[in-house]
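Colleague: Give me a model of this one.
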Amino acid sequence: MTSSSSLTNQREHLFRRLALLTVITIYLLILAGGIVRSTGSGMGCPDWPRCFGRWVPPTDVSQLPLNYQEIYGAKLKGEVEFNPVKTWIEYVNRLLGAFAGLLVFALLLVSIPYLKNDKRVFYWSLVSFVLIGLNGWLGSRVVATELAPYLVTLHMLLAILVVFALLYVMAISYTGRVNVEPVNRNKRVVNQILLWAMVFSVVQVLIGTQVRESIDEVIQRLGYSERYRWIDNLDFRFYIHRSFSLVILVFHLAVIYQLRKHTTTKGLLSQLITALMAMVVVEILTGIVLAYFAVPAAAQPIHLTLAIVILGLQFIALLVLNADQLLKNRAVQQPTYSKL
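Modeller: Numbering: from 1, shown residues only. Predicted structure coming up:
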């Protein structure tokens, strides 16, 4: 192996590792966002990008001006009360978001050499960077509008798009380097079932955000001390969300059935589908915990994060199933990097 090809392999390896780290960080960011929501810390920092006018948030009310409620409570109708735990939960969420943005930017820089042989890697890295920047700005609007429900939902949708863009970049960079078992027949049927499972999962996530908003409305009426009554006071959206999970389960069972029927060997695709099925079951179990055990705060961010993990696995499985299509636009399987 020449020194040039060795350098190429090292850069490829760096790109793939960085892409994986970036995806993991985005999922941690989604988990952090769920913790912010479940603990009611969304306005823990009433201003943006600083927090109570400071780059490092206060840890005690004595570090704030005596009239801080008047200063920061104008847009919150005077209902701002310093809570160091909620403040730091929100601030750590922001720091993680900034770190994720830096990782996506680094990924964009590392993807530049791919312009010579597979422009998709660079352009989708660029899309990821634009999307995460847009979502960061949207996060500031969420604070500015006092957690407007439609912006919170849009914030989540953009996070899903960031995950998809990054996973697509990863899939392209790994294409031709992993073995995928062939689907002998009915590949089109498996594609359609998996695609519909993704569509229904996105719908389920959106309905879930609506359920979360209805819980916020119930909290305003009953308070946190009446947690055990929250579920009983929810409207039809909760029951749609609960029942819809069975539809998603059926679609995943159908995918597993089709793959086992039309593949003679077990490989990456089978492993992905098995992991996907396990995640769906665990997701349903966390939903049961939320419904029948008084909506424990710890279960809420887990339930949300699992939903996005499921979407990610569905998308990867779809890409792996169609790995031959990903190879079509590649000039050569091993990218040749220009000298830097």
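Colleague: residue contacts, residue 37?
Modeller: 152, 212, 300-301, 304 (Cβ atoms under 8 Å, 6 or more residues apart in numbering). For every residue, glycine as well, the C-beta is placed using N, CA and C.
Colleague: Select from those residues the one having the most neighbours.
Modeller: Counting neighbours by other Cβ atoms under 10 Å, residue 304 leads the contacts of residue 37 with 24 neighbours.
Colleague: ok, that residue to residue 311 distance?
Modeller: Going from residue 304 to residue 311 by Cβ to Cβ, to the nearest Å gives 11 Å.
Colleague: mind listing which of the contacts of residue 37 are in helices?
Modeller: 152, 212, 300-301, 304 (DSSP state H).
Colleague: just those now: which is nearest residue 233?
Modeller: In terms of Cβ to Cβ, no member of the ones in helices among the contacts of residue 37 lies closer to residue 233 than residue 212, at 14.1 Å.
Colleague: where along the protein do the helices fall?
Modeller: 3-38, 68-72, 84-110, 119-144, 149-174, 187-222, 236-262, 268-292, 299-321, 323-328.
Colleague: Nearest to residue 44, out of these?
Modeller: That would be helix 84-110 among the helices of the chain, by Cβ to Cβ, at 3.5 Å.
Colleague: For the closest one, the averaged confidence score.
Modeller: Helix 84-110 shows a mean pLDDT of 92.
Colleague: what's the distance between that helix and the middle of its chain?
Modeller: 14 Å (Cα atoms, centre = their mean, to the nearest Å).
Colleague: Over to stretch 62-77?
Modeller: That offset, for stretch 62-77, works out to 33 Å (Cα atoms, centre = their mean).
Colleague: The nearest residue to residue 98 once chain neighbours are set aside and residue 104, how far apart?
Modeller: Spatial nearest neighbour of residue 98, excluding adjacent residues (Cβ to Cβ, 6 or more residues apart in numbering): residue 136 at 7.8 Å. Using Cβ to Cβ, residue 136 is found at 10 Å from residue 104.
Colleague: what about those two, which has more around it?
Modeller: residue 104 (25 against 18).
Colleague: Please list all residues in contact with the more buried one.
Modeller: Residue 104 neighbours (Cβ under 8 Å, 6+ apart): 22, 125, 128-129, 132, 162, 166.
Colleague: Please repeat the previous calculation with a cut-off of 10 Å.
Modeller: 18-19, 22, 25-26, 125-126, 128-133, 162, 165-166 (Cβ atoms under 10 Å, 6 or more residues apart in numbering).
Colleague: Kindly state the domain boundaries assigned to the protein.
Modeller: Using automatic domain parsing, the domains assigned to the chain come out as 1-174, 181-340.
Colleague: Count the residues that sit near the residue lying closest to residue 156 once chain neighbours are set aside.
Modeller: Spatial nearest neighbour of residue 156, chain neighbours left out: residue 209 (5.9 Å); criterion: Cβ to Cβ, 6+ apart. Counted with other Cβ under 10 Å, the neighbours of residue 209 add up to 21.
Colleague: Now for this structure, the helix or strand with the poorest mean pLDDT.
Modeller: helix 323-328 (a mean of 69; mean pLDDT, DSSP states H and E).
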